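my questions are about this predicted structure, shown below with the sequence.
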Amino acid sequence: MSRTKIADKKVSSVISQKISDYKVLVKFKLNMLVVFSAIMAYLICAQSAVSWVSISMLALGGFLVTGAANALNQVLEKQHDLLMNRTKDRPVATGRMDTSEAVMAAGFMSLIGIVLLSSFNAWTGMLGMMALISYAFIYTPMKRVSPIAVFIGAIPGALPVLIGCTAMQGEITALGLVLFGIQFMWQFPHFWAIAWMGHEDYSNAGFNLLPSASGELDSDVGKQSFIFALLLLLVSVMPYFMGVTGIVSLIVLLVIGSAYAFYSWDLYKKCDRDAARKLMFCSFFYLPISLIVLSLDKI
C-alpha cells in the first residue's frame, strides 16, 4: 500500500473518530428524542397548516441547545464518567477531546440554538436558555448531593414540549402546561427504572438518585414510580377534556398509562431487576406513542 493511501486511510479514520466523538458529546440518540418531543408538541398546538421551514428551525435550535447542555454535562462530569462502565469511553473523559474544545463547541451550539429558538418569540428563546442552564449547572452538580436532582432534572427534561408549544402559540398556554406535565410525570418512573438497572455504576460515581430513604434498591423506588404513573394517568386525559383531542387518544393514553402504572406497581411488589427492566422498556414506548396519538387524533 502506498504512503498516500496509508495517509488517506489515517485521515479517514481520524475524521470518523471525530464524528463519532461529537455524536457522543451531544448524546445524539437522546437528543433526537428531545427534538421529536418539541416537534410533536408544535404540531399538537397547531391550528392550521404548519411551515416546514419553521419545523426545521425548531428542530435545529432544539438539537443545538440540547447538544450544548449535554456537552457541558460531560465537561463537568468527566472525572465521574471514568468511574462508570457506560460512560468511561466518552471523548472528554478519555481525553480524546480537550475540555476547551468541548466547551467551545457547547458555546457555539448554545449561541446558534438560542438565536434560532428566539426567532420564534421571546418565550421560546427564554425557555431554551432555561433548559440549558438548569440541566448543565443545577441538575448536573445536584446528582451527587441529593435524589431531589431527579425532580430538578425533570424540569429541563420536560421543557422541550413547552418550547414546541410556545414556538407555535407565542405564549405559555394551558395546553402547553398540560403537555409539559405529561413529559414531566413520565420521567420519574422512566429515570428510576434506569437508575435501578445502573445502580452499581451510579453508586461508583457517587450519584445519589434513588428516592428510597436508604438510597438503595428497595420498594420505595417502585412505590414512588407508581405514584407518578398515576399522576401521569390523570394529566394525560386532560387534552380530551379540554376539547383538544378526541376519544381515540383518550382510550390509547388510558391503556398505555395503565400499563405504565402496572409495571411501576410490579417493581414495587417484586423489587427486582427484571421488573425494573420491564418498566424501563415500557417507558421507552410511552412517550412517543402518547405524543403521536395526541397529534394524529387532533388532526
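Yep, it's here.

next one, pLDDT for the spatially most central residue of the chain please.
Per Cα atoms, centre = their mean, the C-alpha nearest to the average position across the chain is that of residue 157, at 4.8 Å. We have a pLDDT of 95 for residue 157.

tell me the contacts of it?
Residue 157 is in contact with 135, 183, 184, 187, counting by Cβ atoms under 8 Å, 6 or more residues apart in numbering. No exception for glycine: its C-beta is placed from N, CA and C like everyone else's.

roughly how far apart are the last one and residue 209?
Translated: residue 187. Using Cβ to Cβ, to the nearest Å, residue 187 is found at 12 Å from residue 209.

mutual contacts of those two, please.
Both residue 187 and residue 209 are contacted by residue 150, under the criterion Cβ under 8 Å, 6+ apart.

comparing these two, which residue is more hemmed in?
The neighbour count for residue 187 versus residue 209, taken as other Cβ atoms under 10 Å, is higher for residue 209 (24 against 20).

hmm, residue 143 and that one touching each other?
Yes - at 6.4 Å, residue 209 and residue 143 qualify as touching, with contact defined as Cβ atoms under 8 Å.

which residues do these two both contact?
Common neighbours of residue 209 and residue 143, counting by Cβ under 8 Å, 6+ apart, are residue 149.

tell me which element the residue nearest to the centre of the chain is part of?
helix 148-169 (DSSP states H and E).

quick one: mean pLDDT over the helix or strand following that helix.
The helix or strand immediately downstream of helix 148-169 is helix 174-197, counting by DSSP H and E. Mean pLDDT, helix 174-197: 96.

do stretch 118-138 as well
97.

next one: stretch 276-292
In this model, stretch 276-292 has an average pLDDT of 96.

list the buried ones in stretch 163-173?
Within stretch 163-173, the residues scored as buried using 16 or more other Cβ atoms under 10 Å are 163, 164, 165, 166, 167, 168, 169.

just give me the closest of the contacts of residue 157 to residue 292.
Proximity of the contacts of residue 157 to residue 292 (Cβ to Cβ) peaks at residue 183, which lies at 13.7 Å.

nearest residue to that closest one other than its sequence neighbours?
Distance criterion Cβ to Cβ, 6 or more residues apart in numbering; nearest residue to residue 183, sequence neighbours excluded, is residue 158 at 4.0 Å.

also residue 231?
Per Cβ to Cβ, 6+ apart, closest to residue 231 is residue 185, 5.0 Å.

OK, contacts around that neighbour?
Counting by Cβ under 8 Å, 6+ apart, the residues that residue 185 touches are 228, 229, 231, 232, 235.

redo that, cut-off 6 Å
Residue 185 is in contact with 228, 231, 232, 235, counting by Cβ atoms under 6 Å, 6 or more residues apart in numbering.

okay, and for this protein, where does confidence drop off?
Low-confidence regions of the chain, defined by pLDDT under 70, span residues 1-9, 213-215, 299.
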